[in-house]
Every structure is written in structure tokens, then in C-alpha cells.
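**Q** Okay, sequence plus prediction incoming.
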Amino acid sequence: MLLPGVILVSAACATPPTGRSPEPPSAYSIQQELGQRDVIQAGEEYARNNSFLLAEADSEAVELRPNYWRIRFGLADKPGRGLELEFDELARQVTSVREIEIIPGELPRPAEGGSGLGVPGAGQGRGVPAP
């Protein structure tokens with residue numbers, strides 16, 4: 001008598017309310033997220049090797065075109081300033097570096113993702129030569 005009840009409950013729990021089986025995230029979105037984390041880590045390493053002190057939570061990475069990223073970090077020792085890197089993922093190298101002004105209260109557009117670091121778009125900050 002207990003067995004039929006257990007089977008019924010387990011069948012009810014296994015089927016989502018929509019009646020469809022759950023689908024795993026797409027391979028592209030997983031790859032994109034992994035690529036983004038990898039690129040941010042590479043950018044952090046570049047910044048450390050070039051004596052930039054990054055803010056802990058202020059970072060964003062946006063894939064501009066396949067395998068080419070823009071990475072932005074807040075600078076911990078310079079309030080209101082940020083670091084913008086362009087990174088070639090295939091060559092595993094930074095191709096452009098500049099310090100930019102962070103505009104308080106501005107957030108990246110939702111399509112750009114990121115962590116909420118308000119920074120101007122490409123071409124709007126004051127650039128500094130790569131160290």
C-alpha cells in the first residue's frame with residue numbers, strides 16, 4: 001500500500017508544472033560565461049603585472065566580436081577612474097589599454113551585461129598609453 005503512494009509522489013515530483021522536461025542551458029551560453037570569466041581573469045592578471053590596483057567588485061567584460069573582448073575594471077586607488085582593456089582571446093594578449101573616467105550613477109545597458117560599473121562607451125574616456 002505504501003509503494004503505490006511513493007511511486008505516485010515521485011512521478012509528480014519528476015514532472016515540472018509545464019509537463020515538459022527541464023532543458024539544460026545552451027552550450028553557447030555556457031561557453032560565453034566561461035569565456036567571460038577567463039577573459040576577466042586574464043585582464044586582472046595583466047593589471048596586477050602592470051601595477052594597477054583594481055577595485056574588488058567593479059568589472060565587466062563584453063565580447064565585441066568573436067574572440068575579441070572589452071574588459072573594464074574600477075581602480076581602487078583612483079575613485080572615479082577605471083581601466084579599460086581590449087583583449088584578443090585567441091592570441092591571449094591585451095591589445096589596448098587606457099584609463100577612463102567613471103561616470104557616477106550610470107549603468108551599462110542590459111544587453112552589455114557587466115556588474116554595474118558606470119563607465120563611458122569606447123572612445124569617450126581619456127586614454128593613457130599602455131605601461
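**A** Yep, it's here.

**Q** Please report the distance of the residue nearest to residue 86 when sequence neighbours are not counted from residue 75.
**A** Closest residue in space to residue 86, ignoring its immediate chain neighbours: residue 96 at 3.9 Å, by CB to CB, 6 or more residues apart in numbering. For glycine as for every other residue, the C-beta is placed from the backbone atoms N, C-alpha and C. Per CB to CB, to the nearest Å, residue 96 is found 17 Å from residue 75.

**Q** Compare these two (neighbour count), which wins?
**A** Neighbour comparison, residue 96 and residue 75: the larger count goes to residue 75, with 19 against 13 (by other CB atoms under 10 Å).

**Q** Cross-check the contact I'm expecting between that one and residue 53.
**A** Yes. If you go by CB atoms under 8 Å, residue 75 and residue 53 touch, sitting 6.5 Å apart.

**Q** In the chain, what residue spans correspond to strands?
**A** 54-65, 68-75, 81-88, 93-101 (DSSP state E).

**Q** now for those, which one comes closest to residue 45?
**A** strand 93-101 (9.8 Å; CB to CB).

**Q** average model confidence for that closest one?
**A** The pLDDT scores in strand 93-101 average 94.

**Q** Let's have the strands of the chain in TSV, adding distance to residue 36.
**A** Output for the strands of the chain, formatted as TSV (distance: least, CB to CB, whole Å):
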stretch	distance to residue 36
strand 54-65	5
strand 68-75	8
strand 81-88	11
strand 93-101	16
